[in-house]
Structure formats: C-alpha cells, structure tokens
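# Here is a sequence together with a model predicted from it:
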Amino acid sequence: MSRIGRKPIAIPSGVEVRLDGGHLTVKGPKGSLELDVRPEMSVDVNDSEVVVGRSSEEQAERALHGLTRSLVANMVQGVTAGFERKLEIVGVGYRAEKPQGDEFRLALGFSHPVVYKIPAGITIEVPKPTMITVKGVDKQAVGQVAADIRRFRPPEPYKGKGVRYVGEHIHRKAGKAG
C-alpha cells in the first residue's frame, strides 16, 4: 500500500469537505477548491478526517493513490492557511511595482516594462522593489504564477542577475580568463 496514500487527512475546524459522486469540494475561511476524483480512487469523508483508498494493486492505481491524497491534503491546507512563494530580483535597475488592479509591472532590463496579468484567486505583494510575494489558496496556481514571473528573466550564471526564488542557489560560472 502507498505510504503517502494511506495517511488520513485531518479536517480542521471551520473546513467543510463534501463529496458528490466523484466531485470533491473543500470550503474554508480563505475560499473553496474543487477536484474531480478519478473513478479508480475512493474518498471517504468522516467527521474529522478524509481517507483515500484504491480498488486494486495495479501500478497506475498505486501512483494515483498517493497523488489523490496529496491533492486533497493541499486543498485542505490551502483553504485554511494558503500558500505563498517568494521571489527576489537581482540586478541594477531591476525592480517590481506594486500591482494596480489586475496588472503587475516589472522593470527587468528590457527596453519596455514587462506587464503581467494576475490570474483570479492570486494576490501579489511587493514589500520592497526587489521582493515579490505570490499568495493564493491553490498550490498549483501559486507555483505556476511564480514560475511565469521567473521565466521573464531567469537568473544568469555569470553575474546572477534575474528573478529567482528566495533561497535558490544559482551555480555561478567563471568569466573569461585573462
């Protein structure tokens, strides 16, 4: 049996988990998330926990077992605490502006500012011009927005300039030998 898949997921107070056929809905103080559960997986919702099971021992179903349990656990965590990714901008003149409406502007050394349209359910904060915080209830959406912002100017290996995750190590290369 999957070691991850067989762990029960505790439901904190203030969170409502409903299963209608193969459609799982999780509502909490920060919002609500939905998931269509594959027919091979069985989800049992009790008063205080959610248990994910599977119907057979086939390789594909064993893989789906742990995946489904992780997705449901991330939904419960997202509606209670939320998720966030932090990015830092390194480079002379590189900076981010506070979001205005649903648009977010970055100056990343191009001849024009980079404009990013913020998707629904995601909030972007700029505590300093060189720091960006992406927050939301959906773990996948938060990670995707952070990756999209990083993709505008990934860190380069010679000077380390660009947009990187906080704590990310950039392997530096030596320049030309004199």
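Yep, that arrived.
# Only C-alpha atoms from now on, for both contacts and neighbour counts.
Will do.
# For the longest helix along the chain, enumerate the helices and strands it packs against.
In the chain, assigned by DSSP state H, the helix with the most residues is helix 59-80. In terms of contacts (3 or more CA pairs under 8 Å, 6 or more residues apart in numbering; DSSP states H and E), helix 59-80 is packed against strand 9-10, strand 23-28, strand 31-36, strand 41-45, strand 49-54, helix 139-152.
# Return the set of residues that bridge with residue 124.
As for beta bridges, residue 124 partners with residue 134 under DSSP bridges.
# So which bits of the longest helix of the chain are buried?
61-62, 64-66, 68-80 (16 or more other CA atoms under 10 Å).
# Now do it and strand 49-54, the angle between them.
160 degrees (axes from the mean of the first three to the mean of the last three CA atoms, to 10 degrees).
# ok so, going back, for residue 93, which of the helices and strands packed on helix 59-80 is the nearest?
Residue 93 lies closest, by CA to CA, to one member of the helices and strands packed on helix 59-80: helix 139-152, at 15.2 Å.
# Could you chop the protein up by domain?
9-80, 83-165 (automatic domain parsing).
# and these as JSON lines, adding distance to residue 3 and mean pLDDT?
Output for the domains of the chain, formatted as JSON lines (distance: least, CA to CA, whole Å; pLDDT from 0 to 100):
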{"stretch": "domain 9-80", "distance to residue 3": "8", "mean pLDDT": "92"}
{"stretch": "domain 83-165", "distance to residue 3": "22", "mean pLDDT": "95"}
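# I'd like the ones you listed written out as TSV, with distance to residue 174 added.
Formatted as TSV, the domains of the chain follow (distance: least, CA to CA, whole Å):
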stretch	distance to residue 174
domain 9-80	41
domain 83-165	7
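# hey, which strand is longest across the protein?
strand 83-90 (DSSP state E).
# Mind checking what secondary structure the residue lying closest to residue 174 once chain neighbours are set aside has?
Among residues not flanking residue 174 along the chain, residue 158 sits closest, at 6.7 Å (CA to CA, 6 or more residues apart in numbering). Here residue 158 is recorded as coil under DSSP: H, G, I helix; E, B strand; the rest coil.
# Now do the contacts for residue 158.
Under the criterion of CA atoms under 8 Å, 6 or more residues apart in numbering, the neighbours of residue 158 are 172, 173, 174, 175.
# if you set the cut-off to 10 Å instead, what comes out?
Listed by CA atoms under 10 Å, 6 or more residues apart in numbering, the contact set of residue 158 reads 170, 171, 172, 173, 174, 175.
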